[in-house]
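[1] My questions concern the predicted model and sequence given below.
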Amino acid sequence: TTPIYLDCDTGVDDAIALGLLLASAEVDLVGIGGVHGNVSAAQGVENTLRLLSLAGRDDIPVAVGENQPLYGDFGGGVPHIHGSNGLGGIVLPATAATPVEEDAADMLLRLSHEYAGALEVIAVGPLTNLGTALQRDPSVAGRISSVTLMGGAALDPGNITAVAEANIANDAEAALAVVSAPWPVTIVPLDATMTNVFEDSDRQKLLAAEAMFVRSLGQILDPYFDYYMGEFGRRCSALHDPLAAAIAIGAIAPGNAPRVPVTVDTSDGPGRGQTICDLRGQRMGPTDKEEATVRVVLDAQDQLGPVLIDHLLS
Ligand code: BDR
Ligand code: CA
């Protein structure tokens, strides 16, 4: 099995990414850190703990992480997308489980020693915990085998501003630190996640599942589907974070995914939060740039629905 540290701002699609990882036999989820984003870090961690309890996985340690970006303040979340509590307003059963004492950045640093060279990081929220870990100990980059993150927009428009995607916009400085550090990064931007949707027929399958955990995932998707009605014109949704998780664990194959120089706009202008991917010279097919450490997944096998159903219902 592969040791994985998951960093998330547990809203609706984060919850489903967690479900996918829990259902994957080859994954050993050795720690989960919570970060500000869809909700506050504390609310996201509470959501994670309740989901883990429902899934019977209280054994996985969960750490509270940063509640504000490296520079600036928590943006207040997105209740119109993820509901008041981040889980579509669905109240999951309370749990006696509590977060561990160390914070998320320290958890990541500790795990990077415990699983040196083997630990994979999947980050599906703003990158403040990873940025904080890099600030505390830059050598962490050399002990991580890969970082896969959901974030950014390469050629597509953003979803928070014309050019910026939420996870990057919510901490542009941390995102810049993460794509600049000497670890292999794969970014799964909106280009891939907005073209790989989860259909209502698949949600109905979750709702009919035997396990309450899986039925709850179907329930929390309901208001999320309402939100995405405005984007797709039918009841379905993008599931950004599960796609990134599926690519990280090899359950979905990336399509066009060149390794290219990537930077993040941290200026105060209209470009703030943009992921600037140097895609010049790609017209004749994906071409890796020797010196680049960031792979940009521009599209992926359109398999998210079947892959999720397969994992969650087996
Ligand atoms: C990303 O932002 C969050 O709202 C989602 O959970 C996802 O990680 C999509 O832009
Ligand atoms: Ca997220």
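    On my side now, so go ahead. Numbering: from 1, shown residues only. Ligands and ions are numbered 1, 2, ... in the order given.

[2] which residues of the stretch 101-250 of the chain fall in strands?
    For the stretch 101-250 of the chain, the strands defined by DSSP state E, counting those that start in this stretch occupy 119-123, 144-150, 185-188, 197-199, 236-238.

[3] contacting residues for the residue in the stretch 101-250 of the chain that ligand 1 sits nearest to?
    When scored by CB to the nearest ligand atom, the stretch 101-250 of the chain has Ala166 as its residue closest to ligand 1, at 3.7 Å. (Glycine included, C-beta is placed from N, CA and C.) Neighbour list for Ala166: Gly37, Val78, Pro126, Gly151, Asn159, Ile160 [criterion: CB atoms under 8 Å, 6 or more residues apart in numbering].

[4] tell me, which of those make contact with ligand 1?
    Filtering the contacts of Ala166 for proximity to ligand 1 (criterion: CB under 6 Å from any ligand atom) leaves Val78, Asn159.

[5] Next, give me the two most distant ones among the contacts of Ala166.
    Pairwise distances across the contacts of Ala166 (CB to CB) peak at 14.9 Å, for the pair Val78 and Gly151.

[6] between those two, who's got more neighbours?
    Under the criterion of other CB atoms under 10 Å, the comparison of Val78 against Gly151 puts Gly151 first, with 31 against 18.

[7] Might one say that that one is in contact with Gly273?
    No. Counting by CB atoms under 8 Å, Gly151 stays clear of Gly273, with 9.6 Å between them.

[8] and Val64, backbone torsions?
    phi -80, psi 140 (degrees, to the nearest 10).

[9] hey, what's it bridged with?
    Gly34 (DSSP bridges).

[10] Give the burial count for it, as a bare number.
    The number of residues near Val64, taken as other CB under 10 Å, comes to 24.

[11] same question, Ala181
    19.

[12] Repeat that for Phe225.
    19.

[13] Isn't it up against Asp202?
    No. Assessed by CB under 8 Å, Phe225 is found out of contact with Asp202, at 10.9 Å.

[14] Give me the common contacts of those two.
    By CB under 8 Å, 6+ apart, no residue touches both Phe225 and Asp202.

[15] so what's Pro184 up against?
    Per CB under 8 Å, 6+ apart, neighbours of Pro184: Ser145, Ser146, Val147, Thr293, Arg295.

[16] Can you read off the pLDDT for it?
    Looking at Pro184, its pLDDT stands at 97.

[17] Leaving out chain neighbours, which residue sits closest to the residue most central in space within the chain?
    What sits nearest the mean C-alpha location of the chain, by CA atoms, centre = their mean, is Val124, with 1.5 Å. Spatial nearest neighbour of Val124, chain neighbours left out: Asp241 (3.8 Å); criterion: CB to CB, 6 or more residues apart in numbering.

[18] That neighbour: neighbour count?
    32.

[19] and it, what is it in contact with?
    By CB under 8 Å, 6+ apart, the neighbours of Asp241 are Cys8, Asp13, Asp14, Ile16, Ala17, Val124, Met150.

[20] if we go to 6 Å?
    Asp241 is in contact with Asp13, Asp14, Ala17, Val124, Met150, counting by CB atoms under 6 Å, 6 or more residues apart in numbering.

[21] Please list which of those residues also come close to ligand 2.
    Contacts with ligand 2 within the contacts of Asp241, as defined by CB under 5 Å from the ion: Asp14, Val124.

[22] residues in contact with Leu54?
    Phe213.

[23] Quick check: phi and psi on it?
    Dihedral angles (degrees, to the nearest 10) for Leu54: phi -60, psi -40.

[24] What separation is there between it and ligand 2?
    Look at Leu54 and ligand 2: by CB to the ion, to the nearest Å, they are 19 Å apart.

[25] can you check Ala133 too?
    18 Å.

[26] Okay, helices next: where are they in the stretch 101-250 of the chain?
    104-114, 128-136, 166-169, 172-180, 190-193, 200-207, 212-232, 240-248 (DSSP state H, counting those that start in this stretch).

[27] between the ones you listed, which gets nearest to Thr2?
    Of the helices of the stretch 101-250 of the chain, nearest to Thr2 by CB to CB is helix 240-248, at 9.2 Å.

[28] if you look at the closest one, does any of it touch ligand 1?
    Yes. Using CB under 6 Å from any ligand atom, helix 240-248 reaches ligand 1 at His240, Asp241.

[29] buried sites along the following helix or strand past that helix?
    Stepping forward along the backbone from helix 240-248, the first helix or strand reached (DSSP states H and E) is strand 262-264. Within strand 262-264, the residues scored as buried using 16 or more other CB atoms under 10 Å are Val262, Val264.
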